[in-house]
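Novice: What shape does this take:
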Amino acid sequence: MAKRRDVVAEQLDELRQDLEQLWGALTHDPKAEARKQRLWTVFVGAFGALGALAARKVATKAWAILTGETPPIGPTPRSAASPPTQRTEEEQREPAGV
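Specialist: Numbering: from 1, shown residues only. This next block holds a predicted model:
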């Protein structure tokens, strides 16, 4: 049979847990917590994207310094945005595929 002291200690522990849960329910807004989580996700994503762009730029410059060549991965975003080169008059006169 359980002693009175053990029963009281068990009930006090249950009361403590209930009060902690009540305090949590009163002080935390689930919508605000969800908003903070979404904001954190956007924040981390933005820093990840900026970090990737910066890493690509640094790697491109390092490759050019170390090898003296352009990187073999293709055009960088800046050069890809440049306007296409004009065709010469000879290229314009010749039919395509000949």
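Novice: Out of the helices and strands in the chain, which is least certain?
Specialist: helix 77-80 (a mean of 56; mean pLDDT, DSSP states H and E).
Novice: does the most centrally placed residue in the chain sit in a helix or strand, and which one?
Specialist: By CA atoms, centre = their mean, the chain has its centre lying nearest to G45, at 2.1 Å. If you go by DSSP states H and E, G45 is part of helix 30-67.
Novice: Check which residues of that helix are buried.
Specialist: Residues of helix 30-67 classed as buried by neighbour count (16 or more other CB atoms under 10 Å): none. The C-beta positions use only the backbone N, C-alpha and C, and glycine is treated the same way.
Novice: just checking, what packs against that helix?
Specialist: When contacts are defined as 3 or more CB pairs under 8 Å, 6 or more residues apart in numbering; DSSP states H and E, helix 30-67 packs onto no helix or strand at all.
Novice: Repeat the analysis, applying 10 Å as the threshold.
Specialist: When contacts are defined as 3 or more CB pairs under 10 Å, 6 or more residues apart in numbering; DSSP states H and E, helix 30-67 sits against helix 77-80.
Novice: What are the phi and psi values at P71?
Specialist: Main-chain dihedrals, P71, degrees, to the nearest 10: phi -60, psi 150.
Novice: just checking, it touches V58?
Specialist: No: taking contacts as CB atoms under 10 Å, P71 lies outside contact range of V58: 11.6 Å.
Novice: For V44, see how far away E33 is.
Specialist: Per CB to CB, to the nearest Å, E33 is found 17 Å from V44.
Novice: Equivalent analysis for G51, please.
Specialist: As judged by CB to CB, G51 and V44 stand 10 Å apart.
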